[in-house]
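Enquirer: Take a look and give me a structure for this.
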Amino acid sequence: MSRVKPKKSEIAQRRIESFTKRFGKAHLHLACHAAFPLALTPDLLYCLWVNFQQDIHGTVLGIPWIAVGDLLLSPLCDEVGHELYEMSLPVRNQLLEKLQSNQCFGKLRIDQLSNFLLEYVQKQLLSDDPDVQDFAKVQQWIALAYTQPTQAARELALAFANLDPLDTAELVRMASLTETFTQPLADFQPLLIYARGMGKFARGDLAAAKAQLKQALKGRNNIQVADINLPVPESIKPPPNYFTNFKFSRRLFFKYTGFGAVGLLTAVATRQLSWTLQLKTFQFQTVTVNAQGIITNRRDGEAKYFEEILGNDVILEMVQIPGGTFTMGSPPDEAQRDDDEGPQHEVTVTDFFMGRYAVTQAQYQHVMGENPSSFKGNNRPVETVSWNNAIEFCRKLSEITGRIYRLPSEAEWEYACRAGTTTPFHFGDTITTDLVNYNGNYTYASAPTGDYRQQTVDVNFPSFNPNSFGLHQMHGNIWEWCLDTWHDDYQAAPSDGSAWIEQQKAILSSIEDYNILSDKIKTSNQIYRLLRGGSWDLGPGHCRSAYRHWVVPDNAFDYFGFRVVVSAARTFPFTL
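Expert: Coordinates of the predicted model:
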């Protein structure tokens, strides 16, 4: 018997009930107030806590300061960027309904929240940073929507009227944003219908776009909202390139790569983007070793790839990884196994492209304009990079190329590393320093000791054979960051190859004053992130296909690096 998937509203209700049961009514009061802004920062939430300690009758609500941290780190909030949090639309709507229907708050409290938020964003509206300005503008719109809806509708209409019709990415953003105003702007149906129509137009759903816009036009030649004429495309035809004039802000990049509560990329994925790639083929040789580290088999292979030409003779080679199903984790009897490598479970991974090598110093320098590495060399892997640095590299690379680059999920990484094998290493039962750069003072299985180079080597080191997918140095040299947050084992892990991202709850009960709390919240993105592959500084057991390592995302050492992926199916399809 198939299970009925719960509605989003039901999930939201369960989360709110669970939050209330765990923390109490005072915490719920803060959550209801925090639902008013479209997004939250630790500072904004703290200011809400300070300014709204009483109901409209003057009764003290008794909200403890610890509620600030509890709320941000709860399932009611999703972290979408550095010190930036959002509630899902169903959660926001239900909390605001509770606030408005409560006689202790009601319409007067909504007006008070609106005035508070308008005052709060004034300085941000004058910022020199366009991302900060955009963020403040959106907060201003939501504040106006509840108290001055006509002005809010006019502001949104003006924003649509000033858009470049070819900038479909911005059309998608504005359409998704306008959807969050459905309740307060219910009297402005032409605007809401127009936004939905333009969103469908931008995504390429032409028939639905025509139907929506026809409904908004109602036989007229134009759509007018608050004295603003909204442009209607003469021909409902999407532009040739979805990413025309598209700029990735850090905040939007987090949304596009799966961090946002409403990831716009989900909408992008429904549209067939025609990326004409000239795939090339390269040949290579893989080897298999026995428990003594002796090569017992050599096989010729080939793989397809495309070149991302970055300029100045800097090229990124992206290898096509065919999708498939594999067993993730290690068996209980694997030597040097840790408990976090189980339970073993089946995972199905869709096609994707992965860097043939770890990101090099030349590539990082070209994209980021700096090279933090300790062991210099253009063709060596970039190291001394944090998870946050790697995410920023992906954002900038995506902006440069028009393709969405990201870190691999942990499942994608292990699938790519194993390349069809089930042994501890893709080489077989062990490894040697003739094949991998690790601390050769240590051994695995019956292999001999070897060299300890005490530094990284070039990503295409001559004697280091690739695996059967054609990927080099998936074992050793440098740890490679993954997208996922850390989990102690694979209980309830995704089976579709997606990144397992979840807020980890911080224990804040011992914090005694807000200054410490603020610091804690500001580093609440310090939930542990995943690293895979081992490094030059550790023994072979840490280089196994299943071995997992965790660290906070700000840490950067001279054995931390990364490689990038481009999704072929799950993010958006390629025409090859």
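Enquirer: where along the stretch 51-200 of the chain do the helices fall?
Expert: 66-72, 89-101, 106-120, 122-125, 130-147, 149-161, 168-179, 189-203 (DSSP state H, counting those that start in this stretch).
Enquirer: Next: the stretch 201-350 of the chain.
Expert: Counting by DSSP H, counting those that start in this stretch, the helices of the stretch 201-350 of the chain are 206-217, 250-256, 264-268.
Enquirer: What is the distance between stretch 370-381 and the centre of its chain?
Expert: The chain centroid and the centroid of stretch 370-381 are separated by 26 Å, computed with CA atoms, centre = their mean, to the nearest Å.
Enquirer: And it, what's buried?
Expert: 371, 372, 373, 375, 377, 380, 381 (16 or more other CB atoms under 10 Å). (Glycine included, C-beta is placed from N, CA and C.)
Enquirer: Next, the buried residues of stretch 343-363.
Expert: 345, 347, 349-363.
Enquirer: From start to finish, how long is that stretch in a straight line?
Expert: When the termini of stretch 343-363 are compared using CA to CA, to the nearest Å, they are 37 Å apart.
Enquirer: same deal with stretch 559-567?
Expert: End-to-end distance (CA to CA), stretch 559-567: 26 Å.
Enquirer: picking that back up, go through the helices of the stretch 51-200 of the chain and name the closest to residue 322.
Expert: Of all the helices of the stretch 51-200 of the chain, it is helix 189-203 that lies closest to residue 322, at 28.1 Å by CB to CB.
Enquirer: Just the CA trace of the closest one, in PDB.
Expert: This file holds the C-alpha atoms of helix 189-203, laid out as PDB (Å, rounded to 0.1, in the frame of the first residue of the first chain):
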ATOM      1  CA  GLN A 189      -5.100  39.700  -7.900                       C
ATOM      2  CA  PRO A 190      -3.900  41.100 -11.300                       C
ATOM      3  CA  LEU A 191      -0.400  41.600  -9.900                       C
ATOM      4  CA  LEU A 192      -0.300  38.100  -8.400                       C
ATOM      5  CA  ILE A 193      -1.700  36.500 -11.600                       C
ATOM      6  CA  TYR A 194       0.800  38.500 -13.700                       C
ATOM      7  CA  ALA A 195       3.700  37.400 -11.500                       C
ATOM      8  CA  ARG A 196       2.700  33.700 -11.900                       C
ATOM      9  CA  GLY A 197       2.400  34.200 -15.700                       C
ATOM     10  CA  MET A 198       5.800  35.800 -16.000                       C
ATOM     11  CA  GLY A 199       7.300  33.100 -13.900                       C
ATOM     12  CA  LYS A 200       5.900  30.400 -16.200                       C
ATOM     13  CA  PHE A 201       7.100  32.400 -19.200                       C
ATOM     14  CA  ALA A 202      10.600  32.600 -17.800                       C
ATOM     15  CA  ARG A 203      10.600  28.900 -17.100                       C
END
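Enquirer: what's the next secondary structure element after the helix or strand containing residue 389?
Expert: Assigned by DSSP states H and E, residue 389 falls within helix 387-401. Using DSSP H and E, the helix or strand that follows helix 387-401 in sequence is strand 405-406.
Enquirer: start to end distance for stretch 371-384?
Expert: 9 Å.
Enquirer: Let me know the average pLDDT across that stretch.
Expert: The pLDDT scores in stretch 371-384 average 96.
Enquirer: same check, this time on stretch 139-155
Expert: pLDDT averaged over stretch 139-155 gives 85.
Enquirer: Same question for stretch 560-574.
Expert: pLDDT averaged over stretch 560-574 gives 66.
Enquirer: For residue 438, see how far away the residue lying closest to residue 436 once chain neighbours are set aside is.
Expert: The shortest distance from residue 436 to any non-neighbouring residue, by CB to CB, 6 or more residues apart in numbering, is to residue 476 (4.0 Å). Residue 476 is 4 Å from residue 438, where distance means CB to CB, to the nearest Å.
Enquirer: list the residues that contact both of the two?
Expert: Contact criterion CB atoms under 8 Å, 6 or more residues apart in numbering; residues shared by residue 476 and residue 438: 431, 534, 535, 536, 540, 543.
Enquirer: Skipping its backbone neighbours, what lies nearest the last one in space?
Expert: In space, and not counting its chain neighbours, residue 543 is closest to residue 534: 3.1 Å by CB to CB, 6+ apart.
Enquirer: Residue 547 is in contact with that neighbour, correct?
Expert: Yes: counting by CB atoms under 8 Å, residue 534 touches residue 547, with 6.5 Å between them.
Enquirer: May I see the domains of this structure written out as residue ranges?
Expert: The chain breaks down into these domains under automatic domain parsing: 1-147, 158-271, 295-567.
Enquirer: Of those domains, which shows the lowest average pLDDT?
Expert: domain 158-271 (a mean of 66).
Enquirer: hmm, back to that, closest one to residue 313 among the helices of the stretch 51-200 of the chain?
Expert: Between the helices of the stretch 51-200 of the chain, helix 168-179 lies closest to residue 313; by CB to CB that is 30.3 Å.
Enquirer: now that closest one and helix 130-147, what's the angle there?
Expert: 30 degrees (axes from the mean of the first three to the mean of the last three CA atoms, to 10 degrees).
Enquirer: Identify each buried residue in helix 168-179, please.
Expert: Residues of helix 168-179 classed as buried by neighbour count (16+ other CB under 10 Å): 168, 169, 170, 171, 172, 173, 174, 175, 176, 177, 178.
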